[in-house]
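Colleague: Build the 3D model from these lines:
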Amino acid sequence: MRHAPGALVNRYAKSLFAVALEKNVLKEVRDDLENLSETWQGDPELALLLMNPRLSRDKVRSILMAIADRLKTVELTHHFLSLLLDKDRLDVLYDVSKRFNQLWRDHEGEIEVKVVTAVRVSAQLQSQIMDALKAQSGKIPLISWVQDPRLLGGIIVQWPDKIFDGSLARKLENMKAFIAQSA
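Modeller: Residues are numbered from 1 along each chain as shown. Below you'll find the model as predicted:
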């Protein structure tokens with residue numbers, strides 16, 4: 001599935017978020033979008049069927065609404081799916097779902113962070129890293145811990161909008177580049 005332009009995805013996600021917040025169904029819509037995206041991504045034939053230009057819009061709508069009904073989506077999600085269909089934008093569903101989830105996490109005061117280390121980090125060090133990330137971001141970090149022995153040592157922290165690379169491998173690469181430049 002192709003990815004839609006960021007501005008378009010952002011506009012749809014923010015608009016849906018605002019209405020969901022107003023109607024007090026944020027979590028429900030977030031869950032609906034997640035379930036719909038999993039269904040969409042998990043069944044490539046379904047995506048091809050729904051994107052088939054030979055299929056009438058009414059037929060696509062009935063299939064889409066049957067899926068929404070089976071997933072027990074809230075009314076707002078039904079309306080949103082209809083809007084995407086009417087605007088010929090079903091292809092943005094997955095990206096809108098991801099962006100909506102980011103908006104929801106931000107609203108909840110959470111931030112998704114990926115921490116990469118060369119070796120397994122002790123529970124005490126994990127707690128210290130979590131505290132430092134919380135102090136740095138002012139949000140509750142939802143950390144996914146990854147081990148990558150290629151780092152040799154140190155840590156890489158990937159935020160949604162930036163990366164801190166304090167790995168030994170990066171320092172060695174920088175030193176090699178500096179030496180090559182000086183020679």
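Colleague: Contact partners for the residue nearest to the spatial centre of the chain?
Modeller: Residue closest to the mean C-alpha point of the chain, counted by Cα atoms, centre = their mean, is K98 at 3.8 Å. Listed by Cβ atoms under 8 Å, 6 or more residues apart in numbering, the contact partners of K98 are S37. Where C-beta positions appear, they are placed from N, C-alpha and C, glycine not excepted.
Colleague: ok but it is inside a helix, no?
Modeller: Yes - using DSSP: H, G, I helix; E, B strand; the rest coil, the assignment for K98 is a helix.
Colleague: That one and L64, how far apart?
Modeller: Separation of K98 from L64 (Cβ to Cβ, to the nearest Å) stands at 19 Å.
Colleague: How about R54?
Modeller: 16 Å.
Colleague: One more: H79?
Modeller: In terms of Cβ to Cβ, H79 sits 12 Å off from L64.
Colleague: For those two, indicate the residue with more neighbours.
Modeller: Set H79 next to L64 and count neighbours by other Cβ atoms under 10 Å: L64 wins out with 20 against 13.
Colleague: and the gap between the more buried one and D106?
Modeller: Counting by Cβ to Cβ, the gap from L64 to D106 is 28 Å.
Colleague: ok, now F164?
Modeller: Between F164 and D106 the distance, using Cβ to Cβ, works out to 20 Å.
Colleague: Kindly report the same for M51.
Modeller: 30 Å.
Colleague: next one: D58
Modeller: 37 Å.
Colleague: Which residue of these two possesses the greater neighbour count?
Modeller: Comparing D58 with D106 by other Cβ under 10 Å, the one with more neighbours is D106, at 13 against 9.
Colleague: Would you list the phi and psi of that one?
Modeller: With angles defined as degrees, to the nearest 10, D106 sits at phi -60, psi -40.
Colleague: What sits closest to it if chain neighbours are left out?
Modeller: Distances taken as Cβ to Cβ, 6 or more residues apart in numbering put K139 closest to D106, at 7.9 Å, once the chain neighbours are dropped.
Colleague: same deal with S137?
Modeller: I111 (5.2 Å).
Colleague: which element is the one you found on?
Modeller: Assessed by DSSP states H and E, I111 sits inside strand 110-117.
Colleague: can you give me how far the next helix or strand after that strand is from the chain middle?
Modeller: The helix or strand immediately downstream of strand 110-117 is helix 123-137, counting by DSSP H and E. Taking Cα atoms, centre = their mean, to the nearest Å, the mean C-alpha location of helix 123-137 is offset from the chain mean by 22 Å.
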